[in-house]
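Asks: sequence? don't have it. structure:
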């Protein structure tokens, strides 16, 4: 379900026009913004379909618009990134 939020296991692929391939790309992109700025974040989201009793998994792109907050006001977890293929 796409509820306008980044979900656990989403893979951040892009912030506005900046392609994110690793942690350094993420922090470089985020340095451009301040708390309160709105950004479009594109993620890869793993989805599953039940086809005849067999689950098939695939990744789909989802873009959400978020308002950034300061790092002191969030509980950070593990970040995942797309592969640099």
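Replies: Received, thanks. This one's a predicted model, so the numbers in the text were calculated from it and none came from an experiment. Residues are numbered from 1 along each chain as shown.

Asks: how close does the spatially most central residue of the chain get to residue 49?
Replies: Central residue of the chain (Cα atoms, centre = their mean): residue 12, 3.1 Å from the mean position. To residue 49, residue 12 is 24 Å away according to Cβ to Cβ, to the nearest Å. Quick note: C-beta positions are derived from backbone N, CA and C, even for glycine.

Asks: could you check the distance from residue 9 over to residue 32?
Replies: Residue 9 is 26 Å from residue 32, where distance means Cβ to Cβ.

Asks: how much space between residue 28 and residue 45?
Replies: Distance of residue 28 to residue 45, computed by Cβ to Cβ: 23 Å.

Asks: And the two? Which one has more around it.
Replies: More neighbours surround residue 45 than the other of residue 28 and residue 45, with 17 against 13 (other Cβ atoms under 10 Å).

Asks: partner residues bridging the closest residue to that one other than its chain neighbours?
Replies: The shortest distance from residue 45 to any residue other than its chain neighbours is 4.8 Å, reached at residue 62 (Cβ to Cβ, 6 or more residues apart in numbering). Beta-bridge pairing of residue 62 under DSSP bridges involves residue 43.

Asks: Please tell me the pLDDT value assigned to residue 20.
Replies: The model reports residue 20 with a pLDDT of 96.

Asks: Surely it and residue 29 touch.
Replies: Yes. Using Cβ atoms under 8 Å, residue 20 is in contact with residue 29, at 6.4 Å.

Asks: higher neighbour count, those two?
Replies: Between residue 20 and residue 29, residue 20 has the larger neighbour count (other Cβ under 10 Å), namely 24 against 19.

Asks: residues in contact with residue 29?
Replies: Residues near residue 29 by Cβ atoms under 8 Å, 6 or more residues apart in numbering: 15-16, 18, 20.

Asks: Need the phi and psi values for it.
Replies: Dihedral angles of residue 29 (phi, psi; degrees, to the nearest 10) stand at phi -70, psi -40.

Asks: roughly how far apart are it and residue 66?
Replies: Noted for residue 29: a distance of 13 Å to residue 66, by Cβ to Cβ.
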